[in-house]
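1. here is a sequence with its predicted model. Questions after.
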Amino acid sequence: MTDPITAAQTTADLHTLPTGRLTRYDGAAHVFLDDINGLVQWLDATGGYTTCRPAGPGLVRWTLITHTEPRGDGTATPILVHSLALACELVPDELTTAAA
């Protein structure tokens, strides 16, 4: 079984993507970014869809749900890429277009 952090880091390295902090939870890799524009980079490179949820007073958490490229056996590792933003902040159109 592939370690989710290793799989996410390999994907990031392959596509020159920002990683911020990486952690694993429930079989998936979680990437925490400090810049919402990094989500667009991940979306462009790996596809997926986005969600936006409240994260505290005046804050929202954007999450990209994606995965690694399929391995030879057809499996892929789920990757969730997160970034905080102000609720009133304009976000890139790509993120709202990819919203679930």
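-> Arrived safely. Numbers count the residues shown, from 1 in each chain.
2. name the element Ala8 belongs to?
-> Following DSSP states H and E, one finds Ala8 within helix 4-15.
3. CA atoms only for that helix, dumped as CSV, please.
-> In CSV, the C-alpha atoms belonging to helix 4-15 read as follows (Å, rounded to 0.1, in the frame of the first residue of the first chain):
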residue,chain,number,x,y,z
PRO,A,4,-0.6,8.9,1.2
ILE,A,5,2.0,11.6,2.0
THR,A,6,4.5,10.0,-0.3
ALA,A,7,1.9,9.8,-3.1
ALA,A,8,0.9,13.4,-2.6
GLN,A,9,4.5,14.6,-2.5
THR,A,10,5.3,12.7,-5.7
THR,A,11,2.3,14.2,-7.4
ALA,A,12,3.3,17.7,-6.2
ASP,A,13,6.9,17.2,-7.4
LEU,A,14,5.8,15.8,-10.8
HIS,A,15,3.7,18.9,-11.5
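4. next helix or strand past it?
-> As assigned by DSSP H and E, the chain's next helix or strand after helix 4-15 is strand 21-25.
5. who are the packing partners of the helix or strand following that next one?
-> Once strand 21-25 ends, the next helix or strand along the chain (criterion: DSSP H and E) is strand 28-33. Strand 28-33 is packed against helix 4-15, strand 21-25, strand 78-86, with contacts defined by 3 or more C-beta pairs under 8 Å, 6 or more residues apart in numbering; DSSP states H and E. All C-beta atoms are positioned from the backbone trio N, CA, C, and that covers glycine.
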